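# structure here, sequence nowhere to be found:
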């Protein structure tokens, strides 16, 4: 490995303009490698996103530089002590790193592995989660000995191809099948006065998502976390819409939310859709998804696509999406390796 291709740690909070120039240039090259057809996320929004992530996370970042050009980027995150969900998430590290194509097969990715082990020890983590949507990434993680724990995809719906009469039937059938269930629509964030009630119910819904074989902690939403997320959306210029169903006893039985952004005016992103297990089989999922689709189509007539992510094991949601017209756009997988197994692998490489 060339002597100058060495990872160097970056303090994100004090990093200067030279670092951010290198980082954004790196992002552009990686974007052209992996997602050239997608809108590019603006530099100022990406910087804000990374810095604001640290409110509830401990982040570590490293770069590899050659001739004043970033050729590799590494970042890890773990729940910050005292943050909501810390007790069940404290042992799980998330990590991402990548290398520009011309610099691969020079040992740069391998050079990140001792750093990863050091960070797991520094943060007291027992398991690290990594993911990839590229063949080279899958090959590297399999070579590392990480176990593939979950598979999923980004699915996209071409709005001009939607069967609108079927969507209206789903809306009508949903209301008819659950006459005592109230449909609530929020064309902005959930009102602040509702967050004390909404946050734990959202947590309950999120924790019904399929995890496949992933080791994981609990997802914990709180009013503080939601306010932080809403503030980030506002700073990025996002428009946020939520549709939910509420039972007579006040329980939220299903919800879906979606965003529009000025930097991707033709692409809507569906963030989360979930229905409580005890409310399934009543057509609530179809009801809220069809209602949301009809609504955002009217609000954003120039939008051409809706993007959403789904685990391959989430059969009921995939069935709804397939009938709506969603098609697989990009496949990926999540991998995990324990601290001890990583240490054994690093020992072999040293």
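Arrived safely. No experiment lies behind these values; they were computed from the predicted model shown. Numbers count the residues shown, from 1 in each chain.
# residues contacting residue 252?
198, 201-202, 205, 244-246, 276 (Cβ atoms under 8 Å, 6 or more residues apart in numbering). Placement of C-beta: from N, CA and C, glycine included.
# please apply the same query to residue 215.
Residue 215 makes contacts with 92, 127, 149, 336, as judged by Cβ under 8 Å, 6+ apart.
# repeat the analysis, applying 7 Å as the threshold.
Applying Cβ atoms under 7 Å, 6 or more residues apart in numbering to residue 215 gives the contacts 127, 336.
# assumed it was part of a helix.
No - using DSSP: H, G, I helix; E, B strand; the rest coil, the assignment for residue 215 is coil, not a helix.
# please tell me how far it sits from residue 253.
Taking Cβ to Cβ, to the nearest Å as the measure, residue 215 falls 29 Å from residue 253.
# my guess is residue 349 meets residue 109, correct?
No - the pair residue 349 and residue 109 does not pass the contact test of Cβ atoms under 7 Å, sitting 11.1 Å apart.
# the two: which is more packed in?
Using other Cβ atoms under 10 Å as the criterion, residue 349 and residue 109 rank with residue 109 on top: 22 against 11.
# torsion angles phi and psi at the more buried one?
phi -60, psi -40 (degrees, to the nearest 10).
# leaving out chain neighbours, which residue sits closest to residue 162?
residue 325 (5.9 Å; Cβ to Cβ, 6 or more residues apart in numbering).
# before we move on, what about residue 39?
Nearest to residue 39 is residue 264, by Cβ to Cβ, 6+ apart, at 4.2 Å.
# give me the phi and psi angles of that neighbour.
Dihedral angles (degrees, to the nearest 10) for residue 264: phi -140, psi 60.
# what's the neighbour count on it?
With other Cβ under 10 Å as criterion, residue 264 counts 18.
# and for residue 327?
Neighbours around residue 327, by other Cβ under 10 Å: 12.
# that one contacts residue 154, correct?
No - Residue 327 sits out of contact with residue 154 when judged by Cβ under 7 Å, with a separation of 10.3 Å.
# does residue 186 touch residue 242 like I think?
Yes - Residue 186 is within contact range of residue 242, at 4.4 Å (criterion: Cβ under 7 Å).
# next SSE after the lengthiest helix in the chain?
Longest helix in the chain, counting residues (DSSP state H): helix 17-34. Counting by DSSP states H and E, the next helix or strand C-terminal to helix 17-34 is helix 43-53.
# in the stretch 151-300 of the chain, which spans are strands?
Using DSSP state E, counting those that start in this stretch, the strands of the stretch 151-300 of the chain run over residues 182-186, 239-246, 252-261, 264-275.
# any chance of CSV for those, columns mean pLDDT?
CSV is the format used below for these (pLDDT from 0 to 100):
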stretch, mean pLDDT
strand 182-186, 98
strand 239-246, 99
strand 252-261, 98
strand 264-275, 98
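# in what element of secondary structure is residue 113 found?
helix 108-123.
# number of residues surrounding the closest residue to residue 244 other than its chain neighbours?
Distances taken as Cβ to Cβ, 6+ apart place residue 255 nearest to residue 244, at 3.9 Å, with adjacent residues excluded. When neighbours are counted by other Cβ under 10 Å, residue 255 registers 26.
# check the gap between residue 14 and residue 158 for me.
Computed as Cβ to Cβ, the residue 14 to residue 158 distance reads 45 Å.
# looking at those two, which is more packed in?
residue 158 (12 against 7).
# so who does that one touch?
Per Cβ under 7 Å, 6+ apart, neighbours of residue 158: 304-305, 325.
# residue 73 - how many residues pack around it?
22.
# please identify the helix or strand for it.
Here residue 73 is assigned to strand 69-79, by DSSP H and E.
# pairing partners for that strand, with directions?
Applying DSSP bridges, strand 69-79 is found paired with strand 57-66 (antiparallel), strand 92-99 (antiparallel).
# just those: most buried one?
strand 92-99 (a mean of 21; mean count of other Cβ atoms under 10 Å).
# how big is the angle separating it from helix 108-123?
160 degrees (axes from the mean of the first three to the mean of the last three Cα atoms, to 10 degrees).
# let me see the mean pLDDT of strand 92-99.
The pLDDT scores in strand 92-99 average 98.
# can you check stretch 213-232 too?
Rounded mean pLDDT across stretch 213-232 is 98.
# do me a favour and get the end-to-end distance for that stretch?
31 Å (Cα to Cα, to the nearest Å).
# in it, what counts as buried?
Buried positions in stretch 213-232, judged by neighbour count with 16 or more other Cβ atoms under 10 Å: 214, 216, 219-223, 225-226, 230, 232.
# and the residues you listed, which of them are in helices?
223, 225-226, 230, 232.
# okay if I get the residues you listed as CSV plus distance to residue 172?
Listed next are these as CSV, based on distance: Cβ to Cβ, whole Å:
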residue, distance to residue 172
223, 35
225, 36
226, 32
230, 32
232, 36
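# any idea which of these is closest to residue 19?
residue 232 (21.3 Å; Cβ to Cβ).
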